[in-house]
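>>> Build me a model:
(one chain, ligands or ions: 2)
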Amino acid sequence: MNYQTLLRIAGSFVYLVVATTLAAETSVPSLIPLPQKVERHEGLFSLRTPRRFIGLPLRSGTKIVVDAAAQETGHYLAAQLWRATGCRFKVETVVAGVATKGNILLTTRDAKSGLGMEGYELAVTTDSVVIRAPQAAGLFYGVQSLLQLLPPEVFAAKLVPAVKWTVPCINIEDQPRFVWRGLMLDVSRHFSSKAEVKQILEAMALHKLNTFHWHLTDDQGWRIEIKKYPLLTRVGAWRKQIGFNLDPKASTAYGPDGRYGGYYTQADIKEIVAYAQTRHITIVPEIEMPGHASAALMAYPEFSCTGGPFTTDLPGGVFNGVYCAGNEQAFSFVQDILAEVCELFPSKYIHIGGDEVPPDNWTNCAKCQIRFQQEGLKTAPELEGYFIRRIEKCINAHGRSLIGWSEIREGGLAQNAAIMDWIGGAIEAATAGHNVVMTPLADCYFDHYQSTNTVTEPHAIGGYLPLDQVYNFNPMPAKLESQYQSHILGAQANVWTEYMPSLSHVEYMVFPRLCALAEVTWSPQKARNWADFNQRMQLNYRRLDQFNINYRRNTSNPGSAHQPISDGQAPKTP
Ligand code: ACM
Ligand code: ZN
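Residues are numbered from 1 along each chain as shown. Ligands and ions are numbered 1, 2, ... in the order given. So this is what the prediction gives:
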């Protein structure tokens, strides 16, 4: 090779490096969910993270400067940065809301009130980072965006050496499209431990999701300690077998006596609620009634129509436990339970289920027949309406609002009751003035298959919900008139766990579909762009790797270390 050729090759190499660097420097970074407005500028802000000296923790030259309202978020950020960088970031409280050179400012001062409860502005220059938001939730979401602008290793659980902790210069103005950005987890069919629930909450926070709907009771297990009725957990939290034709080794949720299941003590619940609160996640508890109550009725069969017996060891998909709507003690029982639930959960909404009540249960019961006559009711759905209205009064007396599945809509509810639409009713409910959360079976059921090739997928309940369908879902019903649209609170993924006996299996079904739902519920509808989302997801997969999340690999992310899980087998622990 002669000298000139060498020069030409070297020249093109320099050009390539400069061009690539410039392109990388001005491209829009891989934020999920996509913010409302992003302006990228040239340059980088660097965290000052001195090199470690004989393993001693070091103080970062970058301070986190906060006002009083931003203190908690400041400490959250410092803790996150400490884990991966190994540096202590001093959190300093000041009154003034002005940026200082080399530092990160989190403040509510001079924030634009139009950003609302959850909006924020993030300004990164080579000199400083400023997150300004009217409320603490907005500051928290600004911090999530800041963390996503850092290398994905920032989410590592322990020190990652030799990473350049830089943030691209940028201006973001952002706020969510919907106030309800949720995930429902069924812990009845298979129990998730406290640590596992926290892992899910952590991943939700990364994606700016703010509502965790905790399906705590169902036919196959009662998962919440109720002091007044200890048999609910002593008996109802357990079954003889894992069930659902699963390999017993697919889960580790066995008690010391070999029974399968588990429950949360009230102390556990308080801990998880507090953990969620620091991540601006509201936990909405669900206590199923009047149906899906076999676990409760196994413990207390006297509150059923037949007197039992009931069992949590039901074949897959069978549901049979219903409270007696003619028995006053059955009402006292559920009302006592709800009183303890309201003490534990500060959420505005309490979910009471209300779905899939078997139609013939009450028609064969003498007590229920008297109720039909006394109340002038003719059909089982009318009696369900009566049941739910009584429960609604109890929930309202605790200063809360009732939310339930589609079926409760026809019961004649008070205005403040909300509907969770899984099989329709959103337009009718919103038009009648009720708030609605969209969880349609076709677009939000994450227990459905992610591929039409079910042979290569772990066994699932059925259905087909690929990632692009979640991404293209619009929670706003097309035919809802504009004056009622504010009643659509948002959307949520439902994770029914019949065939998901472990956390890594749950993660496989939830991710990356939850990343798509995050964008559906946060980002403007007009910004939806499937190709761009996939592009941004490449970096998001690396973030999920840092969280050790067993997401489903697809053709656009072949590099993951995680393995798909096989039918009925304990998936490989990542
Ligand atoms: C439901 O899926 N039964 C609400
Ligand atoms: Zn009855």
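>>> Could I get the buried residue list for stretch 456-464?
Judged by neighbour count using 16 or more other Cβ atoms under 10 Å, the buried positions of stretch 456-464 are Glu457, Pro458, His459, Ala460, Ile461. C-beta here means a position set from N, CA and C on the backbone, and glycine is covered the same way.
>>> what separates it from the chain centre, distance-wise?
22 Å (Cα atoms, centre = their mean, to the nearest Å).
>>> Any idea how far apart the tips of it sit?
14 Å (Cα to Cα, to the nearest Å).
>>> likewise stretch 299-308?
Criterion Cα to Cα; first-to-last residue distance in stretch 299-308 is 10 Å.
>>> so what pLDDT did the closest residue to Leu314 other than its chain neighbours get?
Excluding the flanking residues, the one nearest Leu314 by Cβ to Cβ, 6 or more residues apart in numbering is Asp219, at 5.6 Å. pLDDT for Asp219: 96.
>>> from memory Asp219 sits against Asp313, does it?
No. Counting by Cβ atoms under 8 Å, Asp219 sits too far from Asp313 to count as a contact (10.0 Å).
>>> Looking at the two, which is more packed in?
Taking other Cβ atoms under 10 Å, Asp219 and Asp313 do not tie; Asp219 has more neighbours (26 against 14).
>>> and the more buried one, what does it touch?
Ser188, His292, Ala293, Ser294, Ala295, Thr312, Leu314, Val318, Phe319, Asn320, Gly321 (Cβ atoms under 8 Å, 6 or more residues apart in numbering).
>>> Provide the secondary structure category for the residue nearest the centre of the chain.
Nearest residue to the geometric centre of the chain (Cα atoms, centre = their mean): Leu183, 3.6 Å. Per DSSP: H, G, I helix; E, B strand; the rest coil, the secondary structure class of Leu183 is strand.
>>> what helix or strand is the nearest residue in space to it that is not next to it in sequence on?
Once flanking residues are discounted, Leu183 sits nearest to Ala493: 5.1 Å by Cβ to Cβ, 6+ apart. In this assignment (DSSP states H and E), Ala493 forms part of strand 488-495.
>>> Now do that strand: everything it contacts.
Counting by Cβ under 8 Å, 6+ apart, 177-186, 211, 213, 418, 420, 422, 426, 430, 435-439, 444-447, 470, 473, 475-477, 480, 506, 509-510, 513-514, 517, 520-521 sit against strand 488-495.
>>> Flag every buried residue along it.
Ile488, Leu489, Gly490, Ala491, Gln492, Ala493, Asn494, Val495.
>>> Closest one of those to ligand 2?
Asn494 (29.2 Å; Cβ to the ion).
>>> can you put the buried residues of stretch 456-464 in CSV and add distance to ligand 1?
Output for the buried residues of stretch 456-464, formatted as CSV (distance: Cβ to the nearest ligand atom, whole Å):
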residue, distance to ligand 1
Glu457, 20
Pro458, 20
His459, 19
Ala460, 14
Ile461, 10
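>>> Turn the residues you listed into TSV, including pLDDT and secondary structure.
What follows is those, written out as TSV (pLDDT from 0 to 100; DSSP: H, G, I helix; E, B strand; the rest coil):
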residue	pLDDT	secondary structure
Glu457	92	coil
Pro458	94	coil
His459	95	coil
Ala460	96	coil
Ile461	95	coil
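>>> Now flag whichever of those residues is closest to Asp355.
Ile461 (15.2 Å; Cβ to Cβ).
>>> Count the neighbours of the closest residue to that closest one other than its chain neighbours for me.
Counting by Cβ to Cβ, 6+ apart, Ile461 lies nearest to Asp447, which is 4.9 Å off, once chain neighbours are set aside. A total of 22 residues lie near Asp447 under the criterion other Cβ under 10 Å.
>>> quick one: Asp447 and Tyr508 touch, right?
No. With contact defined as Cβ under 8 Å, Asp447 does not count as touching Tyr508 (11.4 Å).
>>> next structured bit after the strand holding Ala493?
According to DSSP H and E, the helix or strand after strand 488-495 is helix 503-510.
>>> ok and the strand or helix carrying Ile403 relative to strand 488-495, angle-wise?
For Ile403, the host element (DSSP H and E) is strand 401-405. Calculated by axes from the mean of the first three to the mean of the last three Cα atoms, to 10 degrees, strand 401-405 forms an angle of 50 degrees with strand 488-495.
>>> got a list of what the residue lying closest to Gln144 once chain neighbours are set aside touches?
Using Cβ to Cβ, 6+ apart and skipping the chain neighbours, the partner closest in space to Gln144 is Lys208 (5.9 Å). Residues near Lys208 by Cβ under 8 Å, 6+ apart: Pro33, Tyr141, Gln144, Pro176, Arg181, Ala518, Trp522.
>>> Please apply the same query to Leu231.
Leu231 touches Ala299, Tyr300, counting by Cβ under 8 Å, 6+ apart.
>>> same check, this time on Leu185
With Cβ under 8 Å, 6+ apart, Leu185 has these contacts: Ser192, Val197, Ile200, Phe212, His213, Trp214, His215, Val495, Thr497, Val506.
>>> how about the strands in the stretch 101-250 of the chain?
With strands called from DSSP state E, counting those that start in this stretch, the stretch 101-250 of the chain shows them at 104-107, 120-124, 129-132, 166-174, 180-186, 211-215, 217-218, 221-222, 238-239.
>>> Rebuild those as TSV, extending it with distance to ligand 1.
Compiled in TSV, these are given as follows (distance: least, Cβ to the nearest ligand atom, whole Å):
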stretch	distance to ligand 1
strand 104-107	39
strand 120-124	34
strand 129-132	38
strand 166-174	32
strand 180-186	9
strand 211-215	9
strand 217-218	10
strand 221-222	16
strand 238-239	20
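>>> which bits of the stretch 401-550 of the chain sit near ligand 1?
Trp405, Trp422 (Cβ under 6 Å from any ligand atom).
>>> Let me see the ranges of the strands in the stretch 401-550 of the chain.
Using DSSP E, counting those that start in this stretch, strands in the stretch 401-550 of the chain cover 401-405, 418-421, 436-438, 448-449, 462-464, 488-495.
>>> mind giving me JSON lines with those strands and columns for mean pLDDT?
Formatted as JSON lines, those follow (pLDDT from 0 to 100):
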{"stretch": "strand 401-405", "mean pLDDT": "97"}
{"stretch": "strand 418-421", "mean pLDDT": "98"}
{"stretch": "strand 436-438", "mean pLDDT": "98"}
{"stretch": "strand 448-449", "mean pLDDT": "96"}
{"stretch": "strand 462-464", "mean pLDDT": "96"}
{"stretch": "strand 488-495", "mean pLDDT": "98"}
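>>> Make TSV from the ones you listed and add distance to ligand 2 to it.
Output for those, formatted as TSV (distance: least, Cβ to the ion, whole Å):
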stretch	distance to ligand 2
strand 401-405	20
strand 418-421	26
strand 436-438	30
strand 448-449	35
strand 462-464	32
strand 488-495	29
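>>> Could you say which helix or strand holds the residue in the stretch 201-350 of the chain positioned nearest to ligand 1?
Relative to ligand 1, the nearest point of the stretch 201-350 of the chain is His292 (8.0 Å; Cβ to the nearest ligand atom). Element membership for His292, per DSSP H and E: none, as it lies in no helix or strand.
>>> contacting residues around it?
Per Cβ under 8 Å, 6+ apart, neighbours of His292: Thr217, Asp218, Asp219, Phe319, Gly321, Gly353, Asp355, Glu356.
>>> quick one: which of those is nearest ligand 2?
Distances from ligand 2 to the contacts of His292, taken by Cβ to the ion, are shortest for Gly321, at 12.3 Å.
>>> Could you give the number of residues near the closest one?
Neighbour tally, Gly321, other Cβ under 10 Å: 29.
>>> what do you get for the one 3 residues further on?
Under the neighbour criterion other Cβ under 10 Å, Cys324 is assigned a count of 25.
>>> How about Phe303?
Using other Cβ under 10 Å: Phe303 sits among 23 other residues.
>>> what's near enough to touch the residue nearest to Arg542 when sequence neighbours are not counted?
Nearest residue to Arg542, sequence neighbours excluded (Cβ to Cβ, 6+ apart): Pro152, at 4.1 Å. Neighbouring residues of Pro152 by Cβ under 8 Å, 6+ apart: Leu539, Arg542, Arg543, Asp545, Gln546.
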